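Visitor: pasting the structure only:
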């Protein structure tokens, strides 16, 4: 089945870097799992709120407007039966689609499930690579499956 982005997702892509928008639009067409763009550009006030609540671990988020005027991050959340779902088994197929789009379009991308590699450097299935990342970085590292960001 081919999915498309809805009006809310397209609205959430406003202010996001065109390369990242291209990746998301490419990935939705090949994804085995439907998804919505939960968030792209965010304000500093929202970022501070997320940080204070522990939803984010940084005040220097790539969701904030970067020097080029765009957000360099998006959160893509599985969309099932009209509801956003945050379960990891639903997130892995989205990561695979974003990885394929990154390679296909030649746009370097990082995923919040494997922070220390670009999507091009991830060789195995996203689930396994995420588990391997957790082994390489034991402790309170913040795994953020819905998060995707451009790499300089």
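Guide: Great, that's in hand. These figures come from a predicted structure and were not determined experimentally.
Visitor: residue 47: what's it in contact with?
Guide: Listed by CB atoms under 8 Å, 6 or more residues apart in numbering, the contact partners of residue 47 are 56, 59, 61, 63, 64. Placement of C-beta: from N, CA and C, glycine included.
Visitor: change it to 10 Å
Guide: 55, 56, 58, 59, 60, 61, 63, 64 (CB atoms under 10 Å, 6 or more residues apart in numbering).
Visitor: could you dump these to CSV with neighbour count, pLDDT and distance to residue 150?
Guide: Listed next are those as CSV, based on neighbours: other CB atoms under 10 Å; pLDDT from 0 to 100; distance: CB to CB, whole Å:
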residue, neighbour count, pLDDT, distance to residue 150
55, 12, 87, 21
56, 20, 90, 17
58, 12, 90, 16
59, 12, 94, 19
60, 8, 94, 14
61, 20, 95, 13
63, 24, 98, 11
64, 17, 97, 13
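Visitor: out of the residues you listed, which are inside helices?
Guide: With DSSP state H as the criterion, helices contain none of the contacts of residue 47.
Visitor: ok, which stretches of the protein are strands?
Guide: Using DSSP state E, the strands of the chain run over 35-39, 73-80, 83-84, 109-111, 114-118, 147-150.
Visitor: before we move on, the earlier item: and which of the contacts of residue 47 is nearest residue 88?
Guide: residue 55 (16.9 Å; CB to CB).
Visitor: buried ones in the top helix by length along the chain?
Guide: With secondary structure taken from DSSP H, the chain has its longest helix at helix 88-105. Neighbour-count burial for helix 88-105, counted by 16 or more other CB atoms under 10 Å, picks out 90-102.
Visitor: reformat these as CSV; add pLDDT.
Guide: Formatted as CSV, the buried residues of helix 88-105 follow (pLDDT from 0 to 100):
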residue, pLDDT
90, 97
91, 97
92, 97
93, 97
94, 98
95, 97
96, 97
97, 97
98, 98
99, 97
100, 97
101, 97
102, 97
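Visitor: low-confidence ranges in this protein?
Guide: By pLDDT under 70, the chain contains no weakly predicted segment.
Visitor: export the contacts of residue 47 to a markdown table and tack on distance to residue 145?
Guide: Below are those laid out as a markdown table (distance: CB to CB, whole Å):
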| residue | distance to residue 145 |
| --- | --- |
| 55 | 14 |
| 56 | 14 |
| 58 | 17 |
| 59 | 21 |
| 60 | 20 |
| 61 | 16 |
| 63 | 15 |
| 64 | 20 |
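Visitor: right, I'll call it a day here.
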